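Engineer: Structure, please.
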Amino acid sequence: MAVPVAFFALFFAYPVTAIVGRGFRTDDGWRFGRIGEVLGRPDILDVLWFTTWQALASTALTLLIALPGAYVFARFAFPSKQVLRAVVTVPFVLPTVVVGTAFLAVLGRGGLLDELWGVRLDTTVWAILLAHVFFNYAVVVRTVGGLWSQLDPRQEEAARVLGAGRFAAFRRVTLPALVPAVAAAALMVFLFTFTSFGVVQILGGPAYSTLEVEVYRQTAQLLDLPTAAVLTLVQFTAVGAILAVHAVTVRRRERALKLVDPAQTSRRPRGAGQWALLGGVLLTALLLILLPLGVLVERSLDGPGGYGFGYYRALQSAGSGATSTFLVPPLEAVGNSLRYALVATLIALVVGGLAAAALTRRAGRLVRGFDALLMLPLGVSAVTVGFGFLITLDKPPFDLRTSWILVPLAQALVGVPFVVRTMLPVLRAVDERLREAAAVLGASPLRAWREVDLPLVRRAVLVAAGFAFAVSLGEFGATVFIARPDTPTLPVAVARLLGRSGELNYGQAMALSTILMLVCAVSLLLLERIRTDRSGEF
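Structural biologist: Prediction:
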């Protein structure tokens, strides 16, 4: 645990604590009375109310739309199932700024709905809710569907034989086993929507602001650190409570009904009802996921002179409207992002792998608490982390403000939880007696790990690396503060282009978003080919 603890202490706890401390500390000492002052402001109360309300609404809507998809992916066998499974996961690993861009192309001014029917939904809460469903659909499908596919259907069939109706058998047999997985998925969706940043900033406009958006506004625009510190504490407390409940649901899910091989539970749909359900899920995936991504690609090709690669060619030049935005051609952001993401993936694998290995020892409450702490970077304000990097890592021996390694370190913070969640169940499945047998035969702990554990978890390591790479590629909240102007990342480049007016800037933003989407899609398709059914909780 030493390396993961040191990593999180230096690059997460220290920056967050420092920036919160600056908000409460004055020349006269500490002023914790600011908490009451800030939380008593009507504008802040409105932000807190909207943050909670939209997170609850987004979670309920996501469960309503995604649970049928979880059932279809768990129980039905149909052509191109793996491909579709990868496609529905693409939105989750896309940066939120790209998700906002995709929905802007459908719902915004000059978007698809505006062109067809004159309807605009940007700057409305409906655009935010739909984008959140788009982003979190895969969380429910993979978390709930992953467990559902391993529940033995013969137990429900036995209830039917004993006289229970179809609904009664599901309610009394299957649903109790699924409740922990549904609760875990709902908590994760609530967590991601509660801390939403890019989606709300792009689609909500000035009328809507979540805690994360307000922290960014107070920090970067108003330089009001006291208010930002209070909001960070509120978000930190809420996220800590959510993760504590999530840890309990995960432990309950591990004690669910006896699990079987998913290959034994999936079959071709039977009857008109099941075929209709499969068709409805495919139609939902088409309209909710493929349509925004398809319109994103279409907008990147629709130039002033007709369809072509004009916007992509413009990315090779720093001029023609991008001069004041970038010091280098925007296309260099692709190479920068790939290099940063590779380094971040390596860091995340080392830190997350060691943490997962430590957590398999089940060393009591301390280790279980550490498990929950590893998830905090997913919910704590990335804006706070990024700004904290700038004000803390500025003195020897950790003067990293001008170093390129700062960006991969921030990205690795987001990648580590995915590595842990992917590798932990697989490591726990390794029979301890195999390690003991190797030790009896004279193998050192290192050799036992290399020859016993590693062959069994190799696929999980590759899957973990793929997820860490994809989420590192799309990290935006912290990177927007620390990416240098001459080495921007893809999400930062997209945000900067969208922040400037002009058709060329808009087209280039669509082109960069399309490139990022394709890289993520290819990564996930490769993951599906090497993935095993036990490769992680997500």
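Engineer: Could you check how far the strand or helix carrying Ala244 is from the centre of its chain?
Structural biologist: Element membership of Ala244 [criterion: DSSP states H and E] is helix 225-254. Distance, stretch centre to chain centre, for helix 225-254: 16 Å (CA atoms, centre = their mean, to the nearest Å).
Engineer: Which neighbouring elements make contact with whichever helix or strand comes after that helix?
Structural biologist: Once the chain leaves helix 225-254, the next helix or strand it forms, by DSSP H and E, is helix 271-285. Under the contact criterion of 3 or more CB pairs under 8 Å, 6 or more residues apart in numbering; DSSP states H and E, helix 271-285 touches helix 42-75, helix 81-93. (Glycine included, C-beta is placed from N, CA and C.)
Engineer: Put the alpha carbons of helix 271-285 into CSV.
Structural biologist: What follows is helix 271-285, C-alpha atoms only, in CSV (Å, rounded to 0.1, in the frame of the first residue of the first chain):
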residue,chain,number,x,y,z
GLY,A,271,-41.5,-14.8,-29.4
ALA,A,272,-42.8,-11.4,-30.6
GLY,A,273,-42.4,-9.8,-27.2
GLN,A,274,-38.7,-10.6,-26.8
TRP,A,275,-37.9,-9.5,-30.4
ALA,A,276,-39.8,-6.3,-29.8
LEU,A,277,-37.8,-5.7,-26.7
LEU,A,278,-34.5,-6.3,-28.6
GLY,A,279,-35.7,-3.9,-31.3
GLY,A,280,-36.7,-1.3,-28.8
VAL,A,281,-33.2,-1.4,-27.2
LEU,A,282,-31.5,-1.2,-30.6
LEU,A,283,-33.7,1.7,-31.5
THR,A,284,-32.8,3.5,-28.2
ALA,A,285,-29.1,2.9,-28.8
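Engineer: Check what contacts that helix and list those residues.
Structural biologist: For helix 271-285, contacts defined as CB atoms under 8 Å, 6 or more residues apart in numbering pick out Ile65, Pro68, Gly69, Tyr71, Val72, Phe76, Phe78, Leu84, Val87, Val88, Pro269.
Engineer: So the fourth one versus Leu296, what's the distance?
Structural biologist: Looking back up the chat, that one is Tyr71. 29 Å (CB to CB, to the nearest Å).
Engineer: if we can go back for a sec, tilt between the helix holding Ala244 and helix 42-75?
Structural biologist: Relative orientation of helix 225-254 and helix 42-75, computed by axes from the mean of the first three to the mean of the last three CA atoms, to 10 degrees: 20 degrees.
Engineer: and helix 225-254, average pLDDT?
Structural biologist: Helix 225-254 comes out with an average pLDDT of 74.
Engineer: want to throw the helices and strands packed on helix 271-285 into TSV with mean pLDDT and distance to Ala102?
Structural biologist: Formatted as TSV, those follow (pLDDT from 0 to 100; distance: least, CB to CB, whole Å):
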stretch	mean pLDDT	distance to Ala102
helix 42-75	91	17
helix 81-93	79	8
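Engineer: Reformat the ones you listed as CSV; add mean neighbour count and distance to Arg401.
Structural biologist: Output for these, formatted as CSV (neighbours: other CB atoms under 10 Å; distance: least, CB to CB, whole Å):
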stretch, mean neighbour count, distance to Arg401
helix 42-75, 19, 30
helix 81-93, 20, 28
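Engineer: Of the ones you listed, give the one that comes closest to Ala228.
Structural biologist: Nearest of the helices and strands packed on helix 271-285 to Ala228, taken as CB to CB: helix 42-75 at 11.2 Å.
Engineer: Tell me which other helices or strands the closest one touches.
Structural biologist: Contacts defined by 3+ CB pairs under 8 Å, 6+ apart place helix 42-75 against helix 34-39, helix 81-93, helix 125-148, helix 175-194, helix 211-216, helix 225-254, helix 271-285.
Engineer: what angle separates the fourth one from helix 225-254?
Structural biologist: Translated: helix 175-194. Using the same axes, to 10 degrees: helix 175-194 against helix 225-254 is 160 degrees.
Engineer: same question, the second one
Structural biologist: For helix 81-93 and helix 225-254, the angle between their directions (the same axes, to 10 degrees) works out to 150 degrees.
Engineer: what's next to helix 81-93, contact-wise?
Structural biologist: Contacts for helix 81-93 (CB under 8 Å, 6+ apart): 69, 73, 99, 134-139, 141-142, 282, 285, 289-290, 293, 467, 470-471, 473-474, 517, 520-521, 523-525, 527-529.
Engineer: about what we covered before: which member of the contacts of helix 271-285 is positioned nearest Thr489?
Structural biologist: Comparing those against Thr489 with CB to CB places Val87 closest, at 24.0 Å.
Engineer: for stretch 421-437, which positions count as buried?
Structural biologist: Arg421, Thr422, Met423, Leu424, Pro425, Val426, Leu427, Arg435 (16 or more other CB atoms under 10 Å).
Engineer: Am I right that the fourth one sits in a strand?
Structural biologist: Which is Leu424. No: secondary structure of Leu424 (DSSP: H, G, I helix; E, B strand; the rest coil): helix, not part of a strand.
Engineer: number of nearby residues for the residue nearest to it when sequence neighbours are not counted?
Structural biologist: Of all residues not flanking Leu424 in the chain, Ala356 sits nearest, at 4.7 Å (CB to CB, 6 or more residues apart in numbering). Residues lying near Ala356 (other CB atoms under 10 Å) number 27.
Engineer: circling back to that earlier point, is it possible to get JSON lines of the buried residues of stretch 421-437 that adds distance to Glu157 and pLDDT?
Structural biologist: Listed next are the buried residues of stretch 421-437 as JSON lines, based on distance: CB to CB, whole Å; pLDDT from 0 to 100:
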{"residue": "Arg421", "distance to Glu157": "32", "pLDDT": "79"}
{"residue": "Thr422", "distance to Glu157": "32", "pLDDT": "79"}
{"residue": "Met423", "distance to Glu157": "34", "pLDDT": "81"}
{"residue": "Leu424", "distance to Glu157": "32", "pLDDT": "78"}
{"residue": "Pro425", "distance to Glu157": "27", "pLDDT": "73"}
{"residue": "Val426", "distance to Glu157": "30", "pLDDT": "76"}
{"residue": "Leu427", "distance to Glu157": "34", "pLDDT": "78"}
{"residue": "Arg435", "distance to Glu157": "39", "pLDDT": "80"}
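Engineer: is it possible to export those residues to CSV including distance to Trp49?
Structural biologist: Output for the buried residues of stretch 421-437, formatted as CSV (distance: CB to CB, whole Å):
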residue, distance to Trp49
Arg421, 31
Thr422, 36
Met423, 39
Leu424, 36
Pro425, 37
Val426, 42
Leu427, 42
Arg435, 52
